[in-house]
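Colleague: how does the following fold in three dimensions:
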Amino acid sequence: MTAVTTAPPTTPARRTGGRGHLAGTGPLLRLALRRDRVVVPVWLAVIAMMVLSMPNTLKEVYGTAAQRADLMDSLATNASLRALYGPVFDQSFGGLTAWRVGTFAGVFAAVMSLVIVVRHTREEEETGRQEMISSAMVGRRAPLTSALLTALVANALLGLLVTAGLAGEGGAGALALGLGIACVGMVFATMAAMVAQFTESARLAKGLTSALLGAAFVLRAAGDSATADGSSLLTWLSPVGWLENMRAFGAERWWVLLLFAGAVAVQTIGAYELAGRRDVGMSFLPSHPGPAHGRLGTAGALAWRLQRGAVVGWSLGFLAAGVVFGGMTEGATDLVGDNENTREIFERMGGQTGLTDAFLAAIVGIIGMVGALYAVASVLRLHAEETSQRAEPVLANAVGRLRWAAGHLVIAFAGAALIMLLAACGLGIGYGQDFGPIVGACLVQLPAIWLIGSLAVLLHGVSPQLAVGAWGAAGLALLIGWIGPALDVPQPIMNLSPFSHLPKLPGQDMAWTPVLLLTAAAVVFTAAGLAGLRRRDLATG
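Modeller: Predicted coordinates:
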């Protein structure tokens with residue numbers, strides 16, 4: 001229901017003047033930083049490691065000036081690689097680092113930022129904690145201000161880490177890349193602040209902002225595939241495109257920072273204006289409770305109603321990603337050419353087979369690791385329903401805990417199979433051949449995805465406070481699988497990821513033993529988690 005406040009607020013703002021709208025910002029900021037004292041450092045470490053590890057990798061792969069010149073010449077005619085990474089503006093190792101990971105670092109900074117802002121605004125209202133806090137001497141806009149300041153602190157630290165870590169490659173370029181990544185994060189932090197005013201659901205706020213981030217990435221990719229210098233209008237319409245057009249380590253364009261500043265300022269003003277015009281817990285987009293005689297007769301039907309939007313979104317995303325990666329397969333193999341170091345990296349990721357098979361196996365592995373994020377998010381919907389106390393009225397009826405949990409787990413595990421199947425369809429469409437082996441390669445990732453999802457079930461079943469640890473497991477697997485082969489990480493560390501134990505398909509022979517062992521482990525973890533859920537008390541928030 002839309003609720004617009006027309007009367008003057010009866011908060012401290014009325015008694016202390018305009019500054020009362022921000023009363024309590026300091027304590028709320030300290031509280032937010034304390035709550036994020038583990039999550040934010042993990043985000044910063046992962047993103048910074050991804051960026052700072054790249055120069056050494058590039059020195060091994062493109063160690064000579066001739067190799068770097070060949071790379072730039074190849075990218076000038078390779079639209080599929082430009083769509084993924086963007087254009088390269090300088091053949092120095094700093095310039096190649098900005099090309100190789102700059103866009104992805106900006107996207108990860110944006111995800112970190114939107115999660116922070118939604119967590120400390122809409123999620124607080126959804127759980128009812130904000131109403132309790134607002135009953136004290138807290139201004140109307142203090143929660144929003146503290147959330148944005150938390151995101152600002154996180155992005156400032158990230159920019160500082162990138163700048164300091166790459167300073168040896170060139171101070172101006174390192175500063176440009178660090179500022180650009182931090183600015184992308186702040187653009188989507190303020191965007192999330194605006195989106196959070198329109199929906200009553202934190203989950204929907206994260207989903208809508210993530211969709212806008214995905215649209216920005218697609219616009220940038222479409223523009224870069226059309227031009228080799230980032231000059232396309234589509235690229236300039238995307239904040240992610242602004243990052244690459246700062247041309248870090250090339251002829252830096254400092255004036256692009258004005259675009260970031262303008263976007264942040266406009267969105268911040270909009271978020272503040274909207275926040276002052278609604279009541280706590282309300283939104284500007286009306287909620288739809290559904291028909292009086294609905295079809296939610298079972299716990300499974302309710303779980304589907306709650307998660308169907310996420311399933312559709314992930315499905316479309318994986319299908320589109322498959323088409324894109326499948327279409328760039330030939331271009332990637334052309335880019336590798338005779339570069340033995342690059343070939344070795346692909347072989348460590350995808351197996352020692354033909355280069356095309358190794359590339360496809362590497363891409364399938366990365367898609368599977370991202371699929372594990374879906375499994376964790378879907379399983380932890382149980383956590384959200386429980387801590388928001390929406391599960392309690394459901395369980396007060398003739399619905400047992402196992403039946404209630406089973407509805408969500410079916411969607412989590414079966415949904416993982418669906419999105420991987422759609423990713424296979426996309427890869428087959430984009431690549432245009434070997435459809436059967438590609439389907440098999442995608443489906444063989446499921447035991448590892450299910451294992452990480454079952455770990456989320458186990459942690460949630462033992463204690464709701466431990467449930468967020470499942471994100472750490474999924475993030476670790478993604479980090480190992482993405483960066484480990486490039487850094488030639490020792491095998492014992494690579495074995496920490498369940499994906500490292502799977503056969504590298506297509507190309508290698510099928511190995512059933514690790515697949516069956518991972519599946520069995522997933523069953524055991526799930527059963528243990530459900531047993532814990534039956535025995536413990538429900539969380540109260």
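
Colleague: verify the stated contact: residue 422 with residue 322.
Modeller: Yes - between residue 422 and residue 322 there is a contact under Cβ atoms under 8 Å: 7.0 Å. For every residue, glycine as well, the C-beta is placed using N, CA and C.

Colleague: compare neighbour counts for the two and give me the winner.
Modeller: residue 322 (28 against 20; other Cβ atoms under 10 Å).

Colleague: contacting residues for that one?
Modeller: 367, 422-430 (Cβ atoms under 8 Å, 6 or more residues apart in numbering).

Colleague: longest helix anywhere in the protein?
Modeller: helix 401-431 (DSSP state H).

Colleague: which element follows that helix toward the C-terminus?
Modeller: Downstream of helix 401-431, the next assigned helix or strand under DSSP states H and E is helix 435-443.

Colleague: right, and the helix or strand after that next one?
Modeller: Going down the chain from helix 435-443, the next helix or strand is helix 446-462, by DSSP H and E.

Colleague: and that next one, what's buried?
Modeller: 446-462 (16 or more other Cβ atoms under 10 Å).

Colleague: show the subsequent helix or strand relative to that helix.
Modeller: Helix 446-462 is succeeded, C-terminally, by helix 469-487 (DSSP H and E).

Colleague: can you give me phi and psi for the residue most central in space within the chain?
Modeller: For the chain, the residue sitting closest to the mean C-alpha position, by Cα atoms, centre = their mean, is residue 111 at 5.1 Å. In terms of degrees, to the nearest 10, the main-chain angles of residue 111 are phi -60, psi -50.

Colleague: that one is in contact with residue 214, isn't it?
Modeller: No - with contact defined as Cβ under 8 Å, residue 111 does not count as touching residue 214 (10.5 Å).

Colleague: I'd like the average pLDDT over stretch 37-51.
Modeller: For stretch 37-51, mean pLDDT is 87.

Colleague: show residues contacting that stretch.
Modeller: 33, 97, 101-102, 104-105, 108-109, 112, 116, 150, 154, 157-158, 161-162, 165-166, 177, 181, 468, 472, 475, 479, 482-483.

Colleague: ok, now with 6 Å
Modeller: 101, 105, 108, 112, 154, 157-158, 161-162, 479 (Cβ atoms under 6 Å, 6 or more residues apart in numbering).

Colleague: turn the residues you listed into CSV, including neighbour count and pLDDT.
Modeller: Output for those, formatted as CSV (neighbours: other Cβ atoms under 10 Å; pLDDT from 0 to 100):
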residue, neighbour count, pLDDT
101, 24, 88
105, 28, 92
108, 20, 91
112, 25, 92
154, 26, 95
157, 16, 96
158, 26, 96
161, 20, 95
162, 29, 95
479, 17, 81
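
Colleague: which among those gets closest to residue 76?
Modeller: If you rank these by distance to residue 76 using Cβ to Cβ, residue 101 comes first, at 20.2 Å.

Colleague: so where's the protein shaky on pLDDT?
Modeller: 1-20, 130, 134-136, 279-297, 330-354, 486-488, 540-541 (pLDDT under 70).

Colleague: so which strand or helix has residue 522?
Modeller: Residue 522 belongs to helix 512-535, assigned by DSSP H and E.

Colleague: and what of residue 222?
Modeller: Counting by DSSP H and E, residue 222 is part of helix 202-226.

Colleague: may I see the buried residues of the following helix or strand past that helix?
Modeller: Counting by DSSP H and E, the next helix or strand C-terminal to helix 202-226 is helix 233-236. For helix 233-236, the neighbour count (16+ other Cβ under 10 Å) marks 234-236 as buried.

Colleague: same thing with stretch 132-152?
Modeller: Quick answer for stretch 132-152 (16+ other Cβ under 10 Å): 133-134, 138-152.

Colleague: sitting in helices, which of the contacts of stretch 37-51 do you find?
Modeller: Using DSSP H, these in helices are 101, 105, 108, 112, 154, 157-158, 161-162, 479.

Colleague: can you tell me which of the residues you listed is nearest residue 524?
Modeller: Closest to residue 524, out of all of these and judged by Cβ to Cβ, is residue 479, at 25.2 Å.

Colleague: got the contact list for that closest one?
Modeller: So residue 479 contacts residue 46 (Cβ under 6 Å, 6+ apart).

Colleague: the same query, at a cut-off of 8 Å, please.
Modeller: With the criterion set at Cβ under 8 Å, 6+ apart, residue 479 makes contact with 46, 49-50.

Colleague: quick revisit: may I see the buried residues of the helix holding residue 522?
Modeller: Of the residues in helix 512-535, those buried (16+ other Cβ under 10 Å) are 514-515, 518-519, 521-522, 525-526, 529-530, 532-533.

Colleague: with stretch 32-52 instead?
Modeller: For stretch 32-52, by 16+ other Cβ under 10 Å, it's 32, 36, 39-40, 43-44, 46-48, 50-52.

Colleague: ok now it, how far from the chain's centre?
Modeller: 13 Å (Cα atoms, centre = their mean, to the nearest Å).

Colleague: next: stretch 69-86.
Modeller: The answer for stretch 69-86 is 25 Å, by Cα atoms, centre = their mean.

Colleague: OK, contacts around the nearest residue to residue 320 once chain neighbours are set aside?
Modeller: In this structure, residue 320 finds its nearest non-sequential neighbour in residue 426, 6.6 Å apart by Cβ to Cβ, 6 or more residues apart in numbering. Residue 426 makes contact with 318-326 under the criterion Cβ under 8 Å, 6+ apart.

Colleague: next: residue 133.
Modeller: Taking Cβ under 8 Å, 6+ apart as the test, what residue 133 contacts is 24, 28, 124, 143.

Colleague: and those residues as TSV, adding distance to residue 441 and secondary structure?
Modeller: Compiled in TSV, the contacts of residue 133 are given as follows (distance: Cβ to Cβ, whole Å; DSSP: H, G, I helix; E, B strand; the rest coil):
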residue	distance to residue 441	secondary structure
24	54	coil
28	48	helix
124	43	helix
143	46	helix
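
Colleague: re earlier: list the buried residues of the longest helix of the chain.
Modeller: Buried residues in helix 401-431 (16+ other Cβ under 10 Å): 401, 404-405, 407-409, 411-413, 415-417, 419-428, 430-431.

Colleague: hmm, back to that, which among the buried residues of stretch 32-52 gets closest to residue 497?
Modeller: For the buried residues of stretch 32-52, the nearest to residue 497 is residue 46 (14.1 Å; Cβ to Cβ).

Colleague: which element is the closest one on?
Modeller: Applying DSSP H and E, one finds residue 46 within helix 39-52.

Colleague: for residue 303, same thing?
Modeller: Going by DSSP H and E, residue 303 is part of helix 299-327.

Colleague: for that helix, which positions count as buried?
Modeller: In helix 299-327, counting by 16+ other Cβ under 10 Å, buried: 299-300, 302-304, 306-307, 310-311, 313-315, 317-327.

Colleague: please apply the same query to stretch 114-122.
Modeller: Buried, per 16+ other Cβ under 10 Å, within stretch 114-122: 114-122.

Colleague: got JSON lines for those, with secondary structure too?
Modeller: Output for these, formatted as JSON lines (DSSP: H, G, I helix; E, B strand; the rest coil):
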{"residue": "114", "secondary structure": "helix"}
{"residue": "115", "secondary structure": "helix"}
{"residue": "116", "secondary structure": "helix"}
{"residue": "117", "secondary structure": "helix"}
{"residue": "118", "secondary structure": "helix"}
{"residue": "119", "secondary structure": "helix"}
{"residue": "120", "secondary structure": "helix"}
{"residue": "121", "secondary structure": "coil"}
{"residue": "122", "secondary structure": "helix"}
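
Colleague: lovely, talk soon.
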